[in-house]
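>>> the sequence and its predicted three-dimensional model are supplied below.
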Amino acid sequence: MFVREDKGPVVLDSKKGLRTNIRRDCGRMRPQWYIPVDVERTVPEESGRDSGS
(Lines give C-alpha, C1' and ligand atoms only; values in the text may rest on other atoms or scores of the structure.)
Protein backbone atom coordinates (compact mmCIF):
# COMPACT_ATOMS: atom_id res chain seq x y z
CA MET A 1 0.00 0.00 0.00
CA PHE A 2 1.38 3.40 -1.00
CA VAL A 3 0.92 6.27 1.47
CA ARG A 4 1.97 9.91 1.29
CA GLU A 5 3.07 11.16 4.71
CA ASP A 6 4.59 14.40 6.01
CA LYS A 7 8.06 12.82 5.81
CA GLY A 8 7.49 11.69 2.22
CA PRO A 9 5.99 8.72 0.38
CA VAL A 10 6.17 5.26 1.92
CA VAL A 11 5.07 1.78 0.93
CA LEU A 12 3.69 -0.68 3.46
CA ASP A 13 5.25 -4.02 2.45
CA SER A 14 4.13 -7.38 3.90
CA LYS A 15 7.36 -9.22 2.96
CA LYS A 16 8.48 -11.40 5.91
CA GLY A 17 12.23 -10.81 5.33
CA LEU A 18 12.09 -7.07 6.03
CA ARG A 19 13.11 -5.62 9.41
CA THR A 20 10.19 -3.20 9.18
CA ASN A 21 7.24 -3.19 6.81
CA ILE A 22 7.60 0.56 6.12
CA ARG A 23 9.71 1.12 3.00
CA ARG A 24 10.97 4.49 1.78
CA ASP A 25 13.16 3.19 -1.06
CA CYS A 26 10.38 3.51 -3.65
CA GLY A 27 12.87 3.87 -6.53
CA ARG A 28 14.46 0.45 -5.81
CA MET A 29 11.24 -1.56 -5.64
CA ARG A 30 10.11 -3.76 -8.51
CA PRO A 31 6.43 -4.55 -7.83
CA GLN A 32 5.15 -7.89 -9.14
CA TRP A 33 1.64 -6.47 -9.43
CA TYR A 34 -0.39 -3.46 -8.40
CA ILE A 35 -3.97 -2.24 -8.34
CA PRO A 36 -4.45 1.14 -10.04
CA VAL A 37 -6.71 3.59 -8.23
CA ASP A 38 -8.89 6.15 -10.00
CA VAL A 39 -9.00 9.13 -7.61
CA GLU A 40 -12.15 10.57 -9.18
CA ARG A 41 -14.05 7.37 -8.41
CA THR A 42 -12.74 6.89 -4.85
CA VAL A 43 -13.55 10.36 -3.49
CA PRO A 44 -17.12 10.23 -2.14
CA GLU A 45 -19.49 12.86 -3.42
CA GLU A 46 -21.48 15.00 -1.00
CA SER A 47 -24.22 12.83 0.38
CA GLY A 48 -26.43 15.71 1.47
CA ARG A 49 -26.30 14.55 5.09
CA ASP A 50 -25.90 17.12 7.84
CA SER A 51 -22.33 17.01 9.20
CA GLY A 52 -23.43 18.41 12.55
CA SER A 53 -21.60 21.71 12.26
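Now that the structure is in, tell me what you want to look at.

>>> what's the local residue count around residue 16?
Counted with other C-beta atoms under 10 Å, residues neighbouring residue 16 total 6. Quick note: C-beta positions are derived from backbone N, CA and C, even for glycine.

>>> next, give phi and psi for it.
Main-chain torsions, residue 16, degrees, to the nearest 10: phi -70, psi -30.

>>> again, but for residue 23
The phi/psi pair for residue 23 (degrees, to the nearest 10) reads phi -110, psi 140.

>>> residue 9 is in contact with that one, correct?
No: here residue 23 does not reach residue 9: they are 9.8 Å apart, not a contact under C-beta atoms under 8 Å.

>>> pLDDT (mean, whole number) over stretch 4-19?
The average of the pLDDT scores along stretch 4-19 is 79.

>>> and the gap between residue 30 and residue 24?
Separation of residue 30 from residue 24 (C-beta to C-beta, to the nearest Å) stands at 16 Å.

>>> out of those two, which sits in the more crowded spot?
Taking other C-beta under 10 Å, residue 30 and residue 24 do not tie; residue 24 has more neighbours (13 against 4).

>>> residue 14: what's it in contact with?
Counting by C-beta atoms under 8 Å, 6 or more residues apart in numbering, residue 14 makes contact with residue 21.

>>> neighbours of residue 23, how many?
16.

>>> one more: residue 10?
Quick note: residue 10 (other C-beta under 10 Å) scores 17 neighbours.

>>> and it, bridged to which residues?
residue 3 (DSSP bridges).

>>> which residues does it contact?
2, 3, 22, 23, 24, 26.

>>> distance of the first one from residue 13?
According to C-beta to C-beta, residue 2 stands 10 Å off from residue 13.

>>> who has more neighbours, the two?
Counted by other C-beta under 10 Å, residue 2 and residue 13 do not tie: residue 13 has more neighbours, with 15 against 12.

>>> spit out the contact partners of the more buried one.
If you count contacts by C-beta under 8 Å, 6+ apart, then residue 13 has 21, 22, 23 around it.
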